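Undergrad: generate a structure from the sequence data that follows.
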Amino acid sequence: MLKTYFKIAWRNLWINKGLSFINIFGLATGMAFTMLIGLWIKYEMSFDSFHKNGDRIALIQKNILFNNNKSTQEATQLPLYDELKNNYPEVKGATRMSWNESHSLVVGNSKFNKNGRYVDPDFLGMFSFPLLKGNIATVLTDPNSIVLTESLASTLFGREDPIGKTIKLDNQHIVLVTGVVQNAPKNSTIDFDFLAPYQFLINESEWIRGNKTNWNNNFLMNLVELQPGVSMADFSKKIGPLSIQKDNRLKNQTLFLHPLSKWHLYNDYKNWINVGGKIDYVRLFGIIGIFVLLIACINFMNLSTARAEKRAKEIGIRKSVGSLRMQLVTQFLTESMLTTFLAFVLSIGIIRLLLPCLRDLGFENVRFEFSNAFLWAFVFLVCILTGLIAGSYPALYLSSFLPVRTLKGVFRQGKGAATFRKVLVVSQFTISIVLIISTIIVFQQINHAKSRSLGYNPNNLISVNCSDDLTKNYTVLKQELLNSGYFESVTKAVTSMTNISNTWSDFSWSGKDANADIALDAIMADWDFEKTVGLKFKAGRPFSIDYKTDSNAVILNAAALKLIGYKDPIGKTMKSGGRVVTIVGIVEDVVISDPFKPVYPLAILFNGNQANNIFLRLKSTSDLKTSLSAIQPIFDKHNPSFPFEYSFVDEEFGKKFTMENQVGKLASILAGLAIFISCLGLFGLALFMAERRTKEIGIRKVLGASVANIWTLLSREFVWLVLLGSFIASPLAFWLMKSWLQKYEYRVDINWWVFAGAGMLAVVIALLTVSSQAIKAGVANPVKSLRSE
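TA: Numbers count the residues shown, from 1 in each chain. Next up, the predicted model:
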């Protein structure tokens, strides 16, 4: 019997090739993108899941209150590590961890810039990064040791055993290779090329040693692994007031645990509350993926029920010779499953074809692995569910026909079936128009932030990481760079122009409330900083070598001046700790950290000794390739142990929009896909309606109807359905996008024309879709259609 079902199903597909193609291609496209989104969600949800004790590992974070702003930070204090290790039995393991920063590694005549982290001996015992060579208990105990990843060991030493070999680190320190660890997986929040003991930093840095008992300086991460059975919530409450207990000058600061399982997807905080993060996009695209598949299923339902009259006699005959309704349901579900299976096979090809094209949209690490049994189970489940969803209503509807009516030839579909099809079409276009509106607003929000005044000029601005050698040779280096003729100015600073590394709460001034919790971002910079980065002055002047007192000068941004409250600030003094500084200039607010948030108060302090970055302002007339080729030998001469590497500030700032750009592009693809699948179904319905009303159209033409009249007749109903979908979609999209925009403090206003434009676009696309069939029916010779009469 099953064989017969499949034969009949195949015959029906073959006879109706056009509608079968629309069904199969529509389902295949919907299934392909749904499975792609499913693969992406699986990858995002897999982050950090490979750690054996991950459920007991957490990052200690801190809630703070400054400038009446509740914020949450990852950076905590140096003495916190010893406090947890020595005085809290709930802690099984603890480690400090630096940020993943670039360092120079020299082996023989080869030099490399690689990213590394400084950690404590417990690190490899807490996290499941398998140690391939070395003793896990001792690899990080010697301060002058280093553990390499497998790929870095191969890069530095080839096939030789690296254990016991030495490396020159940052052109100053000889370190011994004591271990080789497996490369960190792509789905690991913690990434690195090498690990080194945190004790090494303490030994080498007088500044760090000076903060060993300072609870007011936050510059590293502290991580813990709790003992089995210890509640993270209870331990968070226990250590919450620890900072205030250790230093009674600290106020409104609370420590808490952020579990490892939430690092990747739940890292967004607002007013000390975790409001989500990337999990919002995982949920969003999961829902969109389901809706796209639903749109494809609606096509199948619509076209199957629309063809009911053509199959009515078949159903009547089969019932009259004894077929049970369940047998007919099975027959139609078999047709649905066969259609879905063919669509599934095509969807696998579409996935293989599209995956390489989606690398820039967050799919670079998503793989369709044919050897993965779980993956095949997932895609087959999608296939079966699609077949059941798409085929259930047509099967139940078609099998309900009464044989007496169908065999007499008086069968006509009731209003209920037609109404249901209209509801499905409206649903399709409602979803599509919501996606179109959402995509437009996402891109508006991105452009709103991108067009924001940054307060400086990031174009033609080159940044180079500053090593100790470059700091030592800076004066000569700067002169040689200027003498090259390619640069307008050169400067150095402690921080980059795309990330603030210092926020200080020790600023004071006349009239400041002694009980207020106030902090300012701080940039320490050298001469020509304002000229090189292109600061925009509202009052005063830049640092000048002509003023000897400028070694104790400060430049404030507009937000800092508003906070301080000085009416005539130029020449007035304030304090940074015990250092008295004079305000010499006021600049426009400089957007450095988050382009979607208000600018934080900023103080730019003169500091000619320390530097982490060198900035070069390229002349507008200079050729980029020639300029970089000319300056590389200059940097190589003054920085022999580091490869010459640079970045463009505008490109680095552009990376802040990576997530939003990916969301916008992916949403636009899905919106286009949704409207395409909807129009594919619309085309099928128009094709069927034109075929069904052939004689009516012939009679109308004989009676004088024009092509325009026929076009209006066949298009009008679809236009009304699309307009109804637009009216339903508009308030729904408004509510969704208003909720989404709430996460951004600097956000765009939602304009009415977006909804009108999206609705009109959908109508135009729908008209273009049905017009080909409407015009074809309008120009057909009525003699042919009426011949049988």
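Undergrad: where does the stretch 651-789 of the chain have low pLDDT?
TA: Along the stretch 651-789 of the chain, the model assigns pLDDT under 70 to residues 684-685, 687-697, 701-702, 714, 772-789.
Undergrad: OK, contacts around the spatially closest residue to Thr141 that is not a sequence neighbour?
TA: Distances taken as C-beta to C-beta, 6 or more residues apart in numbering place Pro121 nearest to Thr141, at 5.4 Å, with adjacent residues excluded. C-betas here are computed from N, CA, C, even on glycine. Shown here is Pro121, whose contacts under the criterion C-beta atoms under 8 Å, 6 or more residues apart in numbering are 95, 137, 140-141, 197.
Undergrad: closest one to Lys62 out of those, please.
TA: Set against Lys62, the nearest of the contacts of Pro121 by C-beta to C-beta is Thr95 (17.2 Å).
Undergrad: so the residue nearest to Thr141 belongs to a strand, correct?
TA: No - the assignment for Pro121 (DSSP: H, G, I helix; E, B strand; the rest coil) gives coil, which keeps it out of a strand.
Undergrad: tell me the pLDDT of it.
TA: At Pro121, the predicted lDDT confidence score is 96.
Undergrad: the chain should start at 36 in everything you say after this.
TA: Got it, the first residue is 36 from now on, which makes the last one we talked about Pro156.
Undergrad: what comes up buried for whichever strand or helix holds Lys566?
TA: Element membership for Lys566 (DSSP states H and E) is helix 564-568. Applying a neighbour-count criterion of 16 or more other C-beta atoms under 10 Å, one finds 564-565, 567-568 buried in helix 564-568.
Undergrad: in strands, which of the contacts of Pro156 appear?
TA: 130, 232 (DSSP state E).
Undergrad: most neighbours of all the contacts of Pro156, which one?
TA: Counting neighbours by other C-beta atoms under 10 Å, Leu175 leads these with 28 neighbours.
Undergrad: isn't it right up against Leu230?
TA: Yes - look at Leu175 against Leu230 with C-beta atoms under 8 Å: they come within range, at 6.7 Å.
Undergrad: where does the protein have low pLDDT?
TA: Within the chain, the segments meeting pLDDT under 70 span 36-53, 338-367, 405, 424-453, 455, 719-720, 722-732, 736-737, 749, 807-824.
Undergrad: centroid residue for it?
TA: What sits nearest the mean C-alpha location of the chain, by C-alpha atoms, centre = their mean, is Met694, with 3.0 Å.
Undergrad: can you pull the contacts of that one?
TA: The contact partners of Met694, by C-beta under 8 Å, 6+ apart, come to 313, 316.
Undergrad: same deal with Pro263?
TA: With contact taken as C-beta under 8 Å, 6+ apart, Pro263 is in contact with 91, 127.
Undergrad: could you measure from it over to Glu125?
TA: Distance of Pro263 to Glu125, given as C-beta to C-beta, to the nearest Å: 10 Å.
Undergrad: just Gly699 next, same as before
TA: Here the distance between Gly699 and Glu125 works out to 45 Å (C-beta to C-beta).
Undergrad: who has more neighbours out of the two?
TA: In this comparison of Gly699 against Glu125, neighbours counted by other C-beta under 10 Å, the higher total goes to Gly699 at 22 against 16.
Undergrad: that one contacts Ile476, correct?
TA: No - look at Gly699 against Ile476 with C-beta under 8 Å: they stay out of range, at 9.5 Å.
Undergrad: element containing Lys573?
TA: Taking DSSP H and E as the definition, Lys573 sits inside strand 572-575.
Undergrad: list the buried residues in that strand.
TA: Taking 16+ other C-beta under 10 Å as the neighbour-count basis, strand 572-575 is seen to contain the buried residues Gly575.
Undergrad: swap in stretch 593-612?
TA: Residues of stretch 593-612 classed as buried under the neighbour-count rule (16+ other C-beta under 10 Å) are 593-596, 598-599, 601, 604, 609, 611.
Undergrad: which one of the residues you listed is nearest Phe413?
TA: When the buried residues of stretch 593-612 are ranked by distance to Phe413 (C-beta to C-beta), Ala594 comes first, at 49.8 Å.
Undergrad: let me see the ranges of the helices in the stretch 286-435 of the chain.
TA: All helices of the stretch 286-435 of the chain, identified by DSSP state H, counting those that start in this stretch, fall at 313-341, 343-355, 360-389, 408-433.
Undergrad: what about the third one, distance to the chain center?
TA: Per C-alpha atoms, centre = their mean, to the nearest Å, the displacement of helix 360-389 from the mean C-alpha position of its chain is 33 Å.
Undergrad: which strands and helices sit next to it?
TA: Applying 3 or more C-beta pairs under 8 Å, 6 or more residues apart in numbering; DSSP states H and E, one finds that helix 360-389 contacts helix 37-50, helix 52-80, helix 313-341, helix 343-355, helix 408-433.
Undergrad: quick one, that helix and helix 52-80 angle?
TA: Following axes from the mean of the first three to the mean of the last three C-alpha atoms, to 10 degrees, one obtains 60 degrees for the angle between helix 360-389 and helix 52-80.
Undergrad: same check on the first one?
TA: Taking the same axes, to 10 degrees, helix 313-341 and helix 52-80 form an angle of 160 degrees between their directions.
Undergrad: buried ones in helix 313-341?
TA: Of the residues in helix 313-341, those scored as buried under the neighbour-count criterion (16+ other C-beta under 10 Å) are 313-317, 319-320, 323-324, 326-341.
Undergrad: what's the spacing between it and its chain's center?
TA: On C-alpha atoms, centre = their mean, the centre of helix 313-341 falls 22 Å from the chain's centre.
Undergrad: list the contacts for Leu300?
TA: Contact partners of Leu300, counting by C-beta under 8 Å, 6+ apart, are 79-80, 82, 311-314, 317.
Undergrad: kindly report the same for Gly794.
TA: Listed by C-beta under 8 Å, 6+ apart, the contact partners of Gly794 are 468, 757-758, 761-762, 764-765.
Undergrad: okay, those residues in TSV with distance to Trp775 and secondary structure next?
TA: Written out in TSV, the entries for the contacts of Gly794 read as follows (distance: C-beta to C-beta, whole Å; DSSP: H, G, I helix; E, B strand; the rest coil):
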residue	distance to Trp775	secondary structure
Ile468	17	helix
Val757	25	helix
Leu758	25	helix
Ser761	20	helix
Phe762	21	helix
Ala764	16	helix
Ser765	16	helix
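Undergrad: and the two most separated of the residues you listed?
TA: For the contacts of Gly794, and using C-beta to C-beta, no pair is farther apart than Val757 and Ser765, which are 12.8 Å apart.
Undergrad: compare neighbour counts for those two and give me the winner.
TA: A count of neighbours by other C-beta under 10 Å puts Val757 above the other of Val757 and Ser765, at 28 against 20.
Undergrad: apart from its chain neighbours, what residue comes closest to that one?
TA: Counting by C-beta to C-beta, 6+ apart, Ala801 is the residue found nearest to Val757 once chain neighbours are left out, at 4.6 Å.
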